[in-house]
Every structure is written in structure tokens, then in C-alpha cells.
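Chemist: Sequence first, then the predicted structure:
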Amino acid sequence: MLVPSSEATDTLDSLESLQARTLADAFRWAWLIWLFWAVVYFGSVPVILAGPDWAVGVYWLGMIPLAVSATIVVLRRLPGRAGVVPARGWRLVAGTIVVAVIAFAIAPIFPLGWALAVSVGIVALGWIWPGRLAIEIGGGLAAAAVVLVLLLPEREATVAIACVYAATFVAYAFFERARLNSLR
Amino acid sequence: MTHPTSALSNVVHQRVRLGILTVLRQVSRADFTYLRDRLELTDGNLSRNLAVLEESRFVTIEKTFEGKRPKTWVKITKAGGRALAEEIDALRRLLHELELDGGRKRQ
């Protein structure tokens, strides 16, 4: 079998490009998850401002099955219809459940626990997500949440964190969409 | 030490089959239509190469129905993943060796 060096180089290059395009195809709807979380966070603001203290806990409890359903639709159903299913989809679904449950469990003990739990969750999911930027975003959001807690009274800090998270998720959703489209 | 070309597999070291395994390594599963379109192949060409890979137990093929439409899902096996990794490793070692040879000749 004769394999000249240019053929070996071309083969490796084309395989790398094929890998990137396949991942982009499989995760083409993944940006919708970030948009979903942005809507969830924006939605929590009126609940924090107008509702009693326990209302936000109930709100997040209601969001757990919705978040899991959205993750399943985006990572399993839609890719399944397109004929290419991401490899680590179930791990992301399981990760979403764990993060949501931890966030809800922490919320009554530590008022901003859910915000930190979600940030840590994003860092953890960043190891599975196709792109290390998710890890940096999770870390940045956790740091922002801590700073806001230190600077503002509890209710204002909670609202500010929800707004910062939502805005970041919207920005990342569209960035991710553009990045995946450019790879395809 | 054996030359890296001896590590290249006759089954895997073929443009279409290398492409199929590369796509499947990145995902949980892919269907026939996706593979055909992504790799720009004809139905016959893809079928023939999938048959070779299935015979070598590098992929598994499952035929299902989605509503009334038939769908053929293809998955890479552990052996297929290993074979692809070994192939890529052999190509990298080959390149490394050729670079070393080039360096020696220049000296």
C-alpha cells in the first residue's frame, strides 16, 4: 500500500473537517437550549418582584420538567428527524436533571444557591458540550452571581442575577448558532 | 520496528469507509440518508461500503420505521472506533516518519 505524505496530510485534514461538520450537524439545534434558559430566567424576574418568597421556588420546580423536555427535544428528537443524533445527548439530559434538582434543593437553604448551582452546572456541562466556551461562561456567571450578592440586597441581587444570566444566555445562543452554521 | 504503513488497515483505509467511520465516531448514530448526503455518495456506493464495514463488525445497521417511512440507522461499534483510532494513529506516525526522513536528507 503506497501512501505518499501529501495523501496522508490531505486525509488527516479532510477527516478533521468532516468531524467538525458532523458535530455541527448533530448539535445544530443546541443553541435553542440556551435560548430556553434565557426565557426561563427572564420569566423568573416578575415572580421574584411580585410574588411571595416561596413563589420563585415553585417557579423553578415547575421549570425542571420543562428544562428536561426541552433538552430531550433539542438533543434527541430534532436531531433524530434530521438523521444524526449527538453522541453525548443523554449525558446532557441527565446533567440538566441533576443541575435542576440541585438548584431547587439549595434554593430554600441559600437564597442564591440556584444561581450558583446553575453556573456550576454549566461549567460541568461545558466538559460535554462541543466548545470550551461554555466552561468559561459558567465560571464567569458564578463569579458575577457572587459579586452581585455581595454588592446588592438579596431581592435586587436575585433580579440582577436573573437578568445577567438571561442576557448572557441569549448572547451565547446566537453566538453558538452562528458558530455551528459556519462549521456546516 | 515495523513501518507505519503496515498498520494501515485494508478495510478502513479507503476514502469512503474512512469517512463513514469518522462521521459515526462523532455521533450516537446517523441514518443512511444523512451519511449519503454528508459524504456525497450514491445509494449503491454507500450500501456497498456499509456492507464491508458491517461484515468486519465495525458498524451495526438497524432498520426501523418512523411512521410509515423506513429509516436505516448506522452505529459505530467499539471495534470500529478502535480501528479508526489505529488508522489515524498510523497516518500520523507515517507523516512524522516522512518528516524525519526529509530532515535527514536535508542534512
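Modeler: Ah, there it is.
Chemist: Residue B:31: what's it in contact with?
Modeler: By C-beta atoms under 8 Å, 6 or more residues apart in numbering or on different chains, the contact set of residue B:31 is A:83-84, B:71-74. Quick note: C-beta positions are derived from backbone N, CA and C, even for glycine.
Chemist: Could you rerun that using 7 Å?
Modeler: A:83, B:71-73 (C-beta atoms under 7 Å, 6 or more residues apart in numbering or on different chains).
Chemist: Which ones among those residues lie within helices?
Modeler: Among those, no residue falls in helices (DSSP state H).
Chemist: near chain A, which residues of chain B show up?
Modeler: Residues of chain B lying close to chain A (C-beta under 7 Å from any C-beta of the partner chain) are B:5, B:8, B:13, B:18-19, B:22-23, B:26-31, B:33-34, B:38, B:88, B:91, B:94-95, B:98.
Chemist: can you rerun that using 8 Å?
Modeler: B:5, B:8, B:10, B:13, B:15, B:18-19, B:22-23, B:25-34, B:38, B:66, B:71, B:88, B:91-92, B:94-95, B:98-99 (C-beta under 8 Å from any C-beta of the partner chain).
Chemist: of those residues, buried ones?
Modeler: Neighbour counting with 16 or more other C-beta atoms under 10 Å in any protein chain shown marks B:5, B:8, B:13, B:18-19, B:22-23, B:25-32, B:34, B:38, B:71, B:88, B:91, B:94-95, B:98 as buried within the residues of chain B next to chain A.
Chemist: number of nearby residues for residue A:144?
Modeler: Neighbours of residue A:144 under the rule other C-beta atoms under 10 Å in any protein chain shown: 17.
Chemist: same question, residue A:74
Modeler: 24.
Chemist: rewinding a little: which members of the contacts of residue B:31 are positioned in strands?
Modeler: The strands, defined by DSSP state E, take in B:71-73 from the contacts of residue B:31.
Chemist: Would you mind checking which of those residues is nearest to residue A:142?
Modeler: residue B:73 (39.0 Å; C-beta to C-beta).
Chemist: In contact with the closest one, which residues?
Modeler: So residue B:73 contacts B:29-32, B:61-64 (C-beta under 8 Å, 6+ apart).
Chemist: same thing but 7 Å
Modeler: Per C-beta under 7 Å, 6+ apart, neighbours of residue B:73: B:29, B:31, B:62, B:64.
Chemist: Of the residues you listed, which belong to helices?
Modeler: Using DSSP H, none of the contacts of residue B:73 sit in helices.
Chemist: What is the least confident helix or strand in chain B?
Modeler: helix B:78-106 (a mean of 84; mean pLDDT, DSSP states H and E).
Chemist: quick one: buried residues of it?
Modeler: Buried, per 16+ other C-beta under 10 Å, within helix B:78-106: B:80, B:83-84, B:87-88, B:90-91, B:94-95, B:98.
Chemist: Neighbours of the residue of chain A found nearest chain B, how many?
Modeler: Nearest to chain B in chain A, going by C-beta to the nearest C-beta, is residue A:83, at a distance of 3.4 Å. Residues lying near residue A:83 (other C-beta under 10 Å) number 23.
Chemist: just residue B:70 next, same as before
Modeler: 10.
Chemist: Compute the distance between the nearest residue to it once chain neighbours are set aside and chain A, please.
Modeler: In this structure, residue B:70 finds its nearest non-sequential neighbour in residue B:63, 6.4 Å apart by C-beta to C-beta, 6 or more residues apart in numbering or on different chains. Using C-beta to the nearest C-beta, to the nearest Å, we find residue B:63 at a distance of 14 Å from chain A.
Chemist: Fine, thanks again, bye for now.
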